[in-house]
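Engineer: Any chance you could fold what I've pasted below:
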Amino acid sequence: MTTDHAVGLSRAGEGPQRATLLELFLDLVFVAALALTSRTLAQRLDWIGAFQAVVLLLAIWWVWSVTALATDLYHPLRPPIFLMTLWVMLGTLLMAGTLPDAFSDLALSFAGAYVAIHLGRSFFLLATLRKRMGRRPTSRFVFWFLVSAVPWLAGGLVAGPTRGLLWAAALAIDYGSAWLRYPTPGLGRVPKSQYRVAADHLAERYQQFFTLTLGDLILVTALTYADSGMTIGSTAALLVAFATTVLLWQIYVHRAGALLQATIESSRDPGGFVRSAPNTHLLMVAGVVAAAAGFEVVIAHPTDRTTPWLAGVVLGGPALFLAGRARFEYEVFSRVSPSRLIALLVLIIVGPALLLAPALVAGLTATLVLAGVAVADSIRARGAPPEQPAPSL
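Structural biologist: Reported below is the predicted structural model:
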């Protein structure tokens, strides 16, 4: 029987690999989805809005994360995988279009698009993979996505708090089954030995996606500034938002970002890293989404008084990013720079004081805290020898 490797689908054992332009093309629709999530949050800064934004973000991230793993295992430019990637791209575009009304009139459309993306991707792989053993991991995905499809679609059919609870349960199934390595009746769990990853490819994909995630911050702030009348206050807020974007990128790529590939290669448990890396980067992406929502409000109303919720997203966005970045650094070096912890503490302490200040001051405060972290990174880089990933235990 012809194997999947023989027909040129599997990437296994082929040496260094780079992300393709098709994968970068795919990521563009996620920039739109993240920007719409930020704008949705900015329009409703309260507990309900925050909960809805978290649900939407978790759904978007899971679509990208699972697809990234699929294109890490199989060649995205082979015709079957190429079509699968386009399917995900189209589904994500349709799902993105429903985001502003995902918890109201377009709930079933949102849930249906999400389910169709995951099941369609899995059925594409099942139909393509010729070797029975190669189908087993995909069969596990099909089983668990069918399980989570029930609360997803049921949530689209009901209204009120029940919808949110059903979708939260569906996300718990999606994320929990992956963390448990997809335990499936008759097939068991995915063996740790099967978490073979192309370190160079997977590292590049995460780095690319985070960089494109910053496009959310750029897109949202640019659109808001265009509608603001371009006053002195909104222009100052735009400059602060741009500085924040640059600092987020600089802090992300500093050392640990550049050594992500080496970390995966040196890990004795690449499967554990594959399962934890999405969650680590999810925190950083969530930070950018929250910051974009906050700066949309700051640019639109730079002199208005800072509300508790605005302070929460303007300061909480960088805080989430730094928390994810600290975890990321710990995965690489088995330690965390004190500057990250100090910055997190400062962001928490200054929050109450900013409730008496204009929104622009809140945005500037977040930017200055991030600037302090970037400066500390620069000083440490000049005075310390090059670091290498900590050996896995």
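
Engineer: Give me the nearest residue to S109, chain neighbours excluded.
Structural biologist: Leaving aside its chain neighbours, S109 sits nearest to T98 (4.8 Å; criterion: CB to CB, 6 or more residues apart in numbering). Every C-beta, even on glycine, is put in place using the N, C-alpha and C of the backbone.

Engineer: Check which helix or strand that neighbour maps to.
Structural biologist: helix 79-98 (DSSP states H and E).

Engineer: do the same with L77
Structural biologist: Under DSSP H and E, no helix or strand contains L77.

Engineer: how near is it to E23?
Structural biologist: Between L77 and E23 the computed distance is 10 Å (CB to CB, to the nearest Å).

Engineer: Those two - which one has more neighbours?
Structural biologist: More crowded of L77 and E23, by other CB atoms under 10 Å: E23, with 21 against 14.

Engineer: where's that one, which helix or strand?
Structural biologist: Element membership for E23, per DSSP H and E: helix 21-43.

Engineer: Any figure for the gap between T85 and V190?
Structural biologist: Separation of T85 from V190 (CB to CB): 22 Å.

Engineer: which residue ranges form the helices in the stretch 101-250 of the chain?
Structural biologist: 107-128, 132-157, 161-179, 199-226, 232-252 (DSSP state H, counting those that start in this stretch).

Engineer: Pipe those into CSV and attach mean pLDDT and mean neighbour count per row.
Structural biologist: Shown next, in CSV, are these (pLDDT from 0 to 100; neighbours: other CB atoms under 10 Å):
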stretch, mean pLDDT, mean neighbour count
helix 107-128, 92, 20
helix 132-157, 86, 18
helix 161-179, 95, 18
helix 199-226, 88, 20
helix 232-252, 96, 20
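
Engineer: picking up where we left off before, am I right that the residue nearest to S109 is in contact with Y114?
Structural biologist: No. Taking contacts as CB atoms under 8 Å, T98 lies outside contact range of Y114: 9.4 Å.

Engineer: hey, what's in contact with both of these two?
Structural biologist: Counting by CB atoms under 8 Å, 6 or more residues apart in numbering, no residue touches both T98 and Y114.

Engineer: after the longest helix belonging to the chain, next one along is what?
Structural biologist: Identified as the longest helix of the chain according to DSSP state H is helix 270-300. Proceeding N to C from helix 270-300, the next assigned helix or strand is helix 308-333, under DSSP H and E.

Engineer: Can you give the distance of stretch 316-329 from its chain's centre?
Structural biologist: Taking CA atoms, centre = their mean, to the nearest Å, one finds stretch 316-329 lying 12 Å from the centre of the chain it belongs to.

Engineer: what's the model's confidence in it, averaged?
Structural biologist: For stretch 316-329, mean pLDDT is 92.

Engineer: Dump the C-alpha coordinates for that stretch into CSV.
Structural biologist: Presented in CSV, the C-alpha positions along stretch 316-329 are these (Å, rounded to 0.1, in the frame of the first residue of the first chain):
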residue,chain,number,x,y,z
GLY,A,316,-4.7,44.6,31.3
GLY,A,317,-3.7,44.1,27.7
PRO,A,318,0.0,44.7,28.3
ALA,A,319,-0.3,42.7,31.6
LEU,A,320,-1.7,39.7,29.8
PHE,A,321,1.0,40.0,27.2
LEU,A,322,3.8,40.2,29.8
ALA,A,323,2.3,37.2,31.7
GLY,A,324,2.4,35.1,28.5
ARG,A,325,5.8,36.4,27.6
ALA,A,326,7.1,35.5,31.1
ARG,A,327,5.7,32.0,30.7
PHE,A,328,7.3,31.8,27.3
GLU,A,329,10.6,32.9,28.7
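
Engineer: who's in contact with that stretch?
Structural biologist: Outside stretch 316-329, the residues that touch it by CB under 8 Å, 6+ apart are 244, 248, 251-252, 255-257, 280-294, 335-337, 340-341, 343-344, 347-348, 366, 369-370, 373.

Engineer: Sort out which of these are buried, if you could.
Structural biologist: 244, 248, 251-252, 255-257, 280-294, 337, 340, 343-344, 347, 366, 369-370, 373 (16 or more other CB atoms under 10 Å).

Engineer: on that earlier part again, and the helices of the stretch 101-250 of the chain: which comes nearest F51?
Structural biologist: Ranking those by proximity to F51 (CB to CB) places helix 161-179 first, at 6.2 Å.

Engineer: Residues in contact with the closest one: which ones?
Structural biologist: For helix 161-179, contacts defined as CB under 8 Å, 6+ apart pick out 51-52, 55, 58-59, 62, 103, 107, 111, 144-145, 147-152, 154-156, 158, 183, 275.

Engineer: Please find the angle between the direction vectors of it and helix 270-300.
Structural biologist: Here the directions of helix 161-179 and helix 270-300 differ by 140 degrees (axes from the mean of the first three to the mean of the last three CA atoms, to 10 degrees).
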